[in-house]
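**Student:** Please work out how this folds:
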Amino acid sequence: MQKEYKESMEKISLSDSSRARILANVKKACDSGEMPPSQTVLPVSRFSPRRIAAMAAAFVVILVSAALLRIQFMGGGGEGDLSRLSDPSPSPEVVVWEELDSIDDIEKKTECKTYTLGNLSKKYKVRRVQVAREQKHVKIIYRNEKNKDRILFEYKEEENAPDVMGQFEEETELAMERVDGSDVKMYGVEKCDGMTWQKESTTFAVRMSQGRTKEQAKKIVSETREKKPGEKEDGDDMDSVHGDASEPDCPSGAVGWSGDEKETGTAERRNILKKIYSRLGFRVTVEKPAKRVSYKKVGDFESFAFFYNANEDLAGQRIVGYAGWEGCPDGVMDGFEESDSIQSGGLHARIYWKDNEEVLLSFTKQGVALTILLKNWTEEKNISTALAEISSVLHVSMDSGETDEDDGDETPEEESERERVTQCQKAAQKLQDAVAEGSLKKMAAFGDFPIRIKGGGETRSIADSREFLTLAPETIFTADWVDAVVSYSTGAIDADTETFTMGDDSNSLTCMIRDNTVVFTELYVSGAEPTASATPAPADGSMPVAK
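**Tutor:** Just a heads-up that it's a prediction; the model follows:
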């Protein structure tokens, strides 16, 4: 303090005008008698101008010292602190959130891009849409009322946006997964309940009220895409993780395809391929393990679309192809630029790229020119393996098909097999519905008694449906177990399926195909030991309502 006092004294000086003003004020106070009567006032004449100036200077020093003490007491300490007081930091950016009526209003009423979770079940409805216009930050809440599940999807048009990614700073990182060309960082303990990723200079995040396995979480992220201007979007009819929703869209260069085509039936396929052969002298059929194959005639070309989930890079997307003696339909190659060529599986193919991560493969098989379109493709994916696997399911035939049994047409036996698979898939869906409702009675109808129940380190055998209905529903229908079972895609059931498991390693329902329907033989609930109910179960065998 002495040092600061000395430094302050050395810096203080009075100008002639200031000295004269102070002396005048002191003299005026004395002459007018304004000084407190309790003090003895000496005439001004007793003091020389020099002494009066010194007194005034001392008074100024006292004021400066008091200010320094106050700054020290409040944590200051030097010129830097004083400069901050005189030049305060700017106020933080004000974020104003606006409520919209629907996802469509993002495009109609703001300048923000519109993204949606393209792989959610139809059971999830949009419940809230919020937009911060200035920051181009959007939040969309989806809710499944039946399962009491809530998903928050948000995105901001900024790379590595701190206000989006920062919410996960103190959470446990579960895994890093590659989905649709983006590295998705997953958070959670054992199960994923949050994710962040970057795409197209935008930061994305998902929060889930119910944890998912890594595979289930990847399905939610998959097909997250931007809605183009004018494109219809109702926010509800989204592709299902259970396989029961509308088909994903087609690559942008898919001339003649709208993206909502269904699988071509046996009679229609036979008719289309017959016309193709009559026109071109060949026909191309798409064989297993390709699924949900559709055929069309586009101009002077045969066209086909299918799904090939046996390859991880191709899983979940509709592959579109064209076959002709040369080239492809007008418009297919618009926007593509030739990159290089590859050799794979005895084929030589030319590769073309489009800016929006689409790739076109052009090659010849048995003298027929084939063009294949793929979307959501990046250079990190293995294009050589994809070409070899796609080519393996394309069968080129120079016969009419009238006597060729290998034309892809189904025999009556194959049609019967397809109907059986459809029945089994529907039965599995009904079993999932019983689980979602928490109904022991409805589940019992699918039980292949005696069944085994595992949980809490114990295994017990349930002799019949009566004993099954005595179980306490709350020990069976835990949130994790229900979520795991209903998330199973019934579309995975095919003609070769004999047994399958709904759920994961922690919570599951083991099933088998019997007499063209589905039955379950084993139930595993993690961390719980199913016990008999202390109170009678409701008449429908569902979970009792708490009072």
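
**Student:** Is Tyr488 located within a helix, as I assumed?
**Tutor:** No: under the criterion used here (DSSP: H, G, I helix; E, B strand; the rest coil), Tyr488 is coil, not part of a helix.

**Student:** That one: neighbour count?
**Tutor:** One way to gauge burial is a neighbour count; for Tyr488, by other CB atoms under 10 Å, it gives 26. Bear in mind the C-beta positions are built from the backbone N, C-alpha and C, glycine included.

**Student:** ok, now Ile493?
**Tutor:** By the criterion of other CB under 10 Å, Ile493 has 22 neighbours.

**Student:** Same check on the one 4 residues further on?
**Tutor:** For Thr497, the number of neighbouring residues by other CB under 10 Å comes to 16.

**Student:** One more: Tyr142?
**Tutor:** 25.

**Student:** Can you name the residues bridging to it?
**Tutor:** Val126, Ile151 (DSSP bridges).

**Student:** Mind exporting the C-alpha coordinates of stretch 155-170 to CSV?
**Tutor:** Coordinates of each C-alpha in stretch 155-170 appear next as CSV, following Å, rounded to 0.1, in the frame of the first residue of the first chain:
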residue,chain,number,x,y,z
TYR,A,155,-29.0,-30.0,-35.8
LYS,A,156,-27.2,-26.7,-36.4
GLU,A,157,-25.7,-25.5,-39.7
GLU,A,158,-22.2,-25.1,-38.2
GLU,A,159,-19.3,-27.6,-38.1
ASN,A,160,-18.5,-28.9,-34.6
ALA,A,161,-21.1,-26.5,-33.1
PRO,A,162,-20.2,-26.3,-29.4
ASP,A,163,-23.7,-25.8,-28.1
VAL,A,164,-24.8,-29.1,-29.8
MET,A,165,-21.7,-31.2,-29.0
GLY,A,166,-21.0,-29.7,-25.6
GLN,A,167,-24.0,-31.4,-24.0
PHE,A,168,-22.1,-34.7,-24.1
GLU,A,169,-18.8,-33.5,-22.6
GLU,A,170,-19.3,-35.2,-19.2
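
**Student:** Show residues contacting it.
**Tutor:** 112-113, 115, 135-138, 154, 185, 187, 194, 196, 198, 201-205 (CB atoms under 8 Å, 6 or more residues apart in numbering).

**Student:** Run a quick neighbour tally on the closest residue to Ser506 other than its chain neighbours.
**Tutor:** The spatially closest residue to Ser506, leaving aside those adjacent along the chain, is Ser526, at 4.0 Å (CB to CB, 6 or more residues apart in numbering). By other CB under 10 Å, 18 other residues sit near Ser526.

**Student:** if I read this right, Ser526 contacts Gly455, doesn't it?
**Tutor:** Yes: at 7.2 Å, Ser526 counts as touching Gly455 under the criterion of CB atoms under 8 Å.

**Student:** sorry, back to before: tell me how far the residue nearest to Ser506 lies from Gln429.
**Tutor:** Look at Ser526 and Gln429: by CB to CB, to the nearest Å, they are 24 Å apart.

**Student:** Can you give me every residue that contacts Tyr124?
**Tutor:** By CB under 8 Å, 6+ apart, the contact list for Tyr124 reads 142-144, 149, 151, 238.

**Student:** how about a cut-off of 7 Å?
**Tutor:** Contacts of Tyr124 were listed using CB atoms under 7 Å, 6 or more residues apart in numbering, and they are 142-144, 151.

**Student:** Could you single out the nearest of those to Cys424?
**Tutor:** Out of the contacts of Tyr124, the one with the shortest distance to Cys424 is Asn144. That distance is 25.0 Å, counting by CB to CB.

**Student:** thinking that closest one is in contact with Val126, fair?
**Tutor:** No: using CB atoms under 7 Å, Asn144 is not in contact with Val126; the gap is 11.5 Å.

**Student:** a strand runs through Ala217, doesn't it?
**Tutor:** No: per three-state DSSP, Ala217 lies outside any strand segment and is helix.

**Student:** Skipping adjacent residues, who's closest to it in space?
**Tutor:** On the basis of CB to CB, 6+ apart, the spatially nearest residue to Ala217 that is not a chain neighbour turns out to be Cys192, at 4.1 Å.

**Student:** which residues does that neighbour form a beta bridge with?
**Tutor:** Taking DSSP bridges, one obtains Arg212 as the residues bridged to Cys192.

**Student:** how many other residues sit next to it?
**Tutor:** For Cys192, the neighbour count with other CB under 10 Å is 24.

**Student:** OK, contacts around it?
**Tutor:** By CB under 7 Å, 6+ apart, the residues touching Cys192 are 174, 186, 211-212, 214, 217.

**Student:** Closest one to Gln343 out of those, please.
**Tutor:** Distances from the contacts of Cys192 to Gln343 were compared by CB to CB; the smallest belongs to Lys214, at 34.7 Å.

**Student:** Quick check, pLDDT for that closest one.
**Tutor:** Residue-level confidence at Lys214 comes out at 88, pLDDT.

**Student:** Report the contact partners of Thr385.
**Tutor:** Neighbour list for Thr385: Asn311 [criterion: CB under 7 Å, 6+ apart].

**Student:** go with 8 Å
**Tutor:** Under the criterion of CB under 8 Å, 6+ apart, the contact partners of Thr385 comprise 311, 313, 344.

**Student:** Show me the helices in this structure, by range?
**Tutor:** Taking DSSP state H to define them, one finds helices in the chain at 2-11, 16-32, 49-73, 79-86, 104-109, 162-165, 214-221, 266-280, 383-392, 412-437, 440-444, 465-469, 473-476, 479-486.

**Student:** about what we covered before: so which of the contacts of Thr385 is the closest to Thr499?
**Tutor:** Out of the contacts of Thr385, the one with the shortest distance to Thr499 is Asn311. That distance is 24.6 Å, counting by CB to CB.

**Student:** thinking again about what came up before, got the contacts of Cys192 as CSV, with neighbour count and distance to Gly503 columns?
**Tutor:** Formatted as CSV, the contacts of Cys192 follow (neighbours: other CB atoms under 10 Å; distance: CB to CB, whole Å):
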residue, neighbour count, distance to Gly503
Leu174, 20, 19
Met186, 24, 19
Gly211, 19, 13
Arg212, 25, 12
Lys214, 16, 14
Ala217, 26, 15
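
**Student:** circling back to that earlier point, filter the contacts of stretch 155-170 down to the buried ones.
**Tutor:** When burial is judged by neighbour count using 16 or more other CB atoms under 10 Å, the buried members of those are 112-113, 115, 135-138, 154, 185, 187, 194, 196, 198, 202-205.

**Student:** Just the ones of these in strands?
**Tutor:** Taking DSSP state E, the ones among these that sit in strands are 115, 137-138, 154, 185, 187, 194, 196, 198, 202-205.

**Student:** Can you tell me which of the residues you listed lies closest to Phe307?
**Tutor:** Minimum distance to Phe307 across these is 23.1 Å, recorded for Tyr115 (CB to CB).

**Student:** Output the below-cut-off pLDDT ranges for the stretch 101-250 of the chain.
**Tutor:** In the predicted model, the stretch 101-250 of the chain carries pLDDT under 70 at residues 228-248.

**Student:** do that again at 80, thanks
**Tutor:** Residue ranges of the stretch 101-250 of the chain with pLDDT under 80: 118-119, 121-123, 146-147, 223, 225, 227-249.
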